[in-house]
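*Asks:* Got a sequence here, can you model it:
(chains A and B)
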Number of protein chains: 2
Amino acid sequence: MTTSPIEFARDNQTRFLSELKNLLRIPSISTLPENRAHVRHCAQVLASELKRIGMEHISLVETDGHPLVIADWLHAPGKPTCLCYGHYDVQPPDPLEEWISPPFEPTERDGNLYARGAVDDKGQMYMHLKAFESLMRANKARLPLNVRVILEGEEEVGGEGIAKFVREHPEKLKADFALISDTEMFAPGLPTLCVGLRGMIYTEIEARGAATDLHSGMYGGAAPNPLIALCQIIARLKDPEGRITIPGIYEDVVPPSVEELAAWKSLPFSAEEFQRNEVGATELTGEPEFSVLERLWSRPTLEVHGMPGGFTGAGAKTVIPARATAKVSMRLVPNMDAARVFEKFSAYISSICPAGIKVNVRLIHSADPMVIRTGNPYIQAATGAMREVFGRETVFVRSGGSIPIVGDFEHNLHIPSVMMGFGLPDDNLHAPNEKFKIANFHNGIEAIIRFFEGVGAMSAPAPRP
Amino acid sequence: MTTSPIEFARDNQTRFLSELKNLLRIPSISTLPENRAHVRHCAQVLASELKRIGMEHISLVETDGHPLVIADWLHAPGKPTCLCYGHYDVQPPDPLEEWISPPFEPTERDGNLYARGAVDDKGQMYMHLKAFESLMRANKARLPLNVRVILEGEEEVGGEGIAKFVREHPEKLKADFALISDTEMFAPGLPTLCVGLRGMIYTEIEARGAATDLHSGMYGGAAPNPLIALCQIIARLKDPEGRITIPGIYEDVVPPSVEELAAWKSLPFSAEEFQRNEVGATELTGEPEFSVLERLWSRPTLEVHGMPGGFTGAGAKTVIPARATAKVSMRLVPNMDAARVFEKFSAYISSICPAGIKVNVRLIHSADPMVIRTGNPYIQAATGAMREVFGRETVFVRSGGSIPIVGDFEHNLHIPSVMMGFGLPDDNLHAPNEKFKIANFHNGIEAIIRFFEGVGAMSAPAPRP
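*Replies:* Residues are numbered from 1 along each chain as shown, chains lettered A, B, ... in the order given. Okay, the predicted model is just below:
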């Protein structure tokens, strides 16, 4: 009696979840230098697992930052090749005190698995590996299509290493399409493909005033204050309703098509529920002349993430700091160019720098925005697979987030990406109490198995000239 | 052969300095809960030293925070009684990396002693003790006047404990005047008495937006950002030239007299040198219609000291924080009332709070501004003592800083304060590389000895009815 891949996946659900917990225990926080060894350890664990399930040519590729993990299985001649991407690094867990269970001690509650990285992206990346394993075990160690795997450890810090590798070694990643599971379903049970991403620039604005920290009694009223200067600058980057006031910033923005806007209007979305249940603020903000989904998906925005400088401990210290910084990012939408936006951003900030202050604007990382055309056969295969698992038609949405690798794949490998994600809107990405719905983990594995089977029923496209 | 007090002080300069270094090695940072034991240890060391030099009734008085050290010597009937005040707590040393030698390892360089607390206020407070010791050793264990000593460990965090003690036990502090050495000389070698202080309110503005930290990609453009809100609020508290824009904030301000302004104009002060050598910024800021000394001494100001919240580590984290705070203080000038100012401050902030944000303004501590009348005999005795040591007439200045205890002494004990300080303008108060000029430490001890001798030649004033 043979077992089907789906049956194998169902029989092994407990083990799959337990393995994922082991992966989530590794604090692979890519932005913290002190966690460097943990990030590498995580890469090694993944390399071992890829070997165990039967992938080939496994290697850790060194970068200037954290290593890439690559592998392949290319024994399905005449079949399409899928490039499977994921990232094994995670965001810092702070503020730690707001976690109900510790961020690196995966904990099940109410059908969810809570841990930093549960959904972004360890849990979703791991679905690919478990789909491979299920297909291999049920099919005499064979996959129905060719597969290349590339996993990075720097997604949360800009992904310089993978971008360089994709640029310099496109031949090692030759494929017909990419599969990325790092997005979410629009609503529970509603299969979703993401076909648009915002780009971004992440910057640090440094303001310097006096040569040294000064006593605010002795010098207050005459010495420039870099924190006040940063506040004055930031207050001039957006109007009170959220429109960005940097000259010319909207001039390249291409609005979504009439059809796309109509599709968004038909999505099960309530701005009131979003405000109350997801955001939890007294009201939403942002450009009032656009719908909430437009503000999130097709409008640029600008956010401040932190303002290090001066005294930030408990209590009082009467210092005028010599130096302060602000971490400021912008999200970009189709047809905006990250480099051009950074130019306008930094030129405007220099032009409004208050008296007595020297300002320096540094680009930490950037990504161009993306739109994926929905006509290609891999998108069709994905919707078919998800229809079988979820019993519903797939909706096409955009994401307000940025996945720079999608642009890298398009520009360097000339392949489209299928962004098939199984997160949920309340998964607390980048926040305390990040979670992944356990049923979505298992359903996601099944959807990916069926997707690979569907693509395996197709022929490889004719080689490009 | 008898030794005069001045000779005793000169013979013991090396030991006095070495003892001061021991005191400076204790990291008595009052604002940090983890340094609590060090603060208490510092109080105990001072109590032992007061006992050793011959003071009486030494005790540690417990407060809700750090202990007071009190002592007295009251065996000069018919002579005035001096209440000697100092504080043994210090500011936090951060940013640590900017110290040339470690903040709690006192180090001599170029005739200066570098350490946190060297001048503010351990070094200056210790001059009083060494003046007592010199007078006692040279005068058969007697002082020429009556003395009470009160040392606090909470000056840098608002001085709640001493304020309560002065309010509740004025009889234990009965004196004719107070001596405070916690100010500076206007220029090297220029004897200076401080006769005016700015008051202050130190506040924390808390802004809350979403219920939890949010991903700036998923929510940016629709979710309120508390850091941007704080920037927008702060940018509206001052105009670009430094005028405070809180309605009615200037209405109680009483300008200095014509004579005082004329005296300030004759001080050896160059705004250009102040800007270049003390501040080290490209230009000074603040109300252009007032001179720099007026901006510092007789005009209120508003400063931001730190903005905790969001992500302040190295690298990038794309968070919209649920909550952020700003530490904001105002300095107040004569006739402004701290409580009334805080009311206007918090009402205005509430009135300009951006949409979607809840704001909460908390008063951490406050002090009313002070002006001391220069006609009293203790001020005259002080100028005489300093003339003998420095060979020059004393200048009367104000300070931009706040010493709340001066107001507490006036309101509760009905006594004037003599603010005879020996710091210098470049002593890096509250900043890295705080220092005390070693010659000023020794000259200060001599000036205080002569001052006590001068007051000892006077009779106690008739008791108040």
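
*Asks:* Spell out which parts of the stretch 351-465 of chain A neighbour chain B.
*Replies:* Proximity of the stretch 351-465 of chain A to chain B (Cβ under 8 Å from any Cβ of the partner chain) is limited to residues A:354-358, A:364-365, A:399-402, A:425, A:428-433. C-betas here are computed from N, CA, C, even on glycine.

*Asks:* Just the buried ones from those residues?
*Replies:* Among those, those classed as buried by 16 or more other Cβ atoms under 10 Å in any protein chain shown are A:354, A:356-358, A:365, A:399-402, A:425, A:428-433.

*Asks:* and stretch A:336-343, what's its mean pLDDT?
*Replies:* On average, the pLDDT along stretch A:336-343 is 97.

*Asks:* sorry, that was for stretch A:198-205
*Replies:* What stretch A:198-205 shows for mean pLDDT is 96.

*Asks:* again, but for stretch A:357-375
*Replies:* 91.

*Asks:* Stretch A:312-322 too?
*Replies:* Taken as a whole, stretch A:312-322 has a mean pLDDT of 88.

*Asks:* how much distance is there from it to the middle of the chain?
*Replies:* Centroid displacement of stretch A:312-322 relative to its chain, using Cα atoms, centre = their mean, to the nearest Å, is 35 Å.

*Asks:* now swap in stretch A:339-359 and tell me
*Replies:* For stretch A:339-359, the distance to the chain centre is 28 Å (Cα atoms, centre = their mean).

*Asks:* What residues sit buried inside that stretch?
*Replies:* Buried residues in stretch A:339-359, counted by 16+ other Cβ under 10 Å: A:341-342, A:344-346, A:348-349, A:352-354, A:356-359.

*Asks:* List just the nearest of the buried ones among the residues of the stretch 351-465 of chain A next to chain B to B:Ser134.
*Replies:* Ranked by distance to B:Ser134 (Cβ to Cβ), those are led by A:Gly356 at 45.8 Å.

*Asks:* residues in contact with A:Gly65?
*Replies:* A:Ser30, A:Gly153, A:Glu154, A:Val157, A:Glu160, A:Gly161 (Cβ atoms under 8 Å, 6 or more residues apart in numbering or on different chains).

*Asks:* let's see it at 10 Å
*Replies:* Listed by Cβ atoms under 10 Å, 6 or more residues apart in numbering or on different chains, the contact set of A:Gly65 reads A:30, A:36, A:39, A:89, A:152-154, A:157-162, A:164.

*Asks:* what about the closest residue to chain B within the stretch 251-400 of chain A, distance to B:Pro106?
*Replies:* Going by Cβ to the nearest Cβ, chain B is nearest to A:Gly280 of the stretch 251-400 of chain A, at 2.7 Å. From A:Gly280 over to B:Pro106 the distance is 51 Å, taken as Cβ to Cβ, to the nearest Å.

*Asks:* From the neighbour counts alone, determine which of these two ranks first.
*Replies:* Legend: neighbour count by other Cβ atoms under 10 Å in any protein chain shown for A:Gly280 and B:Pro106, higher for B:Pro106 (25 against 15).

*Asks:* unless I'm mixing things up, the more buried one is touching B:Leu113, no?
*Replies:* Yes. Between B:Pro106 and B:Leu113 there is a contact at 5.7 Å, judged by Cβ atoms under 10 Å.

*Asks:* which neighbours do these two share?
*Replies:* B:Leu17, B:Leu20, B:Lys21, B:Leu24, B:Gly123, B:Lys435, B:Phe436.

*Asks:* neighbour-wise, which of these leads?
*Replies:* Greatest neighbour count in the shared contacts of B:Pro106 and B:Leu113, by other Cβ under 10 Å, goes to B:Gly123: 31 neighbours.

*Asks:* So is the helix or strand containing that one next to chain A?
*Replies:* Per DSSP states H and E: B:Gly123 is located in helix B:122-138. No. Judged by Cβ under 10 Å from any Cβ of the partner chain, helix B:122-138 stays clear of chain A, getting no closer than 14.7 Å.
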